[in-house]
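In: sequence and predicted structure are below.
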Amino acid sequence: MPRGKVQIVFDCKDPAGLSRFYASALNYKLQDPPEGFATWEDALRAWNVPGEDWNSKSVIVDPDQAGPRIFFQQMDTPKPAKNRLHIDINASTSSNVSLEERKEQVRKAVERITKLGAREPQEWEEDGEYWVVMLDPEGNEFCVQ
């Protein structure tokens, strides 16, 4: 990772599954394999990493290189009650649109993300703002606004 860049780290049960979920939800992509390897599996095999360790970590990146790198590491400890940090997905195209237009944009994004495995959407509206709180496939909270 280049110096000065931010990386977000998720502790999770299934790095491959959760990284695929967030790659789709955030319009990110799985990090490309190292140079000289067609796939991560080829690299892991060449580095003699045991098969049972292949899902110990996964990384997604913003294809436009504007957002942070997100690293998923396997942990077997249970998730505590509420997240102390969460991701907000900005689904609204502009702050200059009406509240009803923003709601429609957010609801459309929530529908798409629900199909990826998110669940339990809870709508919130306060002081002219609108957002939906959801749970990712492992129960981590995130917002769509």
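Out: Perfect, I can see it now.

In: bridging residues for Phe10?
Out: Phe72 (DSSP bridges).

In: what is the neighbour count of it?
Out: 21 (other C-beta atoms under 10 Å). The C-beta positions use only the backbone N, C-alpha and C, and glycine is treated the same way.

In: now do the same contact list for it.
Out: 18, 22, 70-73, 140 (C-beta atoms under 8 Å, 6 or more residues apart in numbering).

In: where's stretch 101-114 relative to the chain centroid, distance-wise?
Out: Its chain's average C-alpha position is 17 Å from that of stretch 101-114, according to C-alpha atoms, centre = their mean, to the nearest Å.

In: give me the mean pLDDT for that stretch.
Out: For stretch 101-114, the mean per-residue pLDDT is 94.

In: in that stretch, what's buried?
Out: 102-103, 105-107, 109-110, 113 (16 or more other C-beta atoms under 10 Å).

In: and for stretch 124-132?
Out: Buried positions in stretch 124-132, judged by neighbour count with 16+ other C-beta under 10 Å: 130-132.

In: alright, calling it a day.
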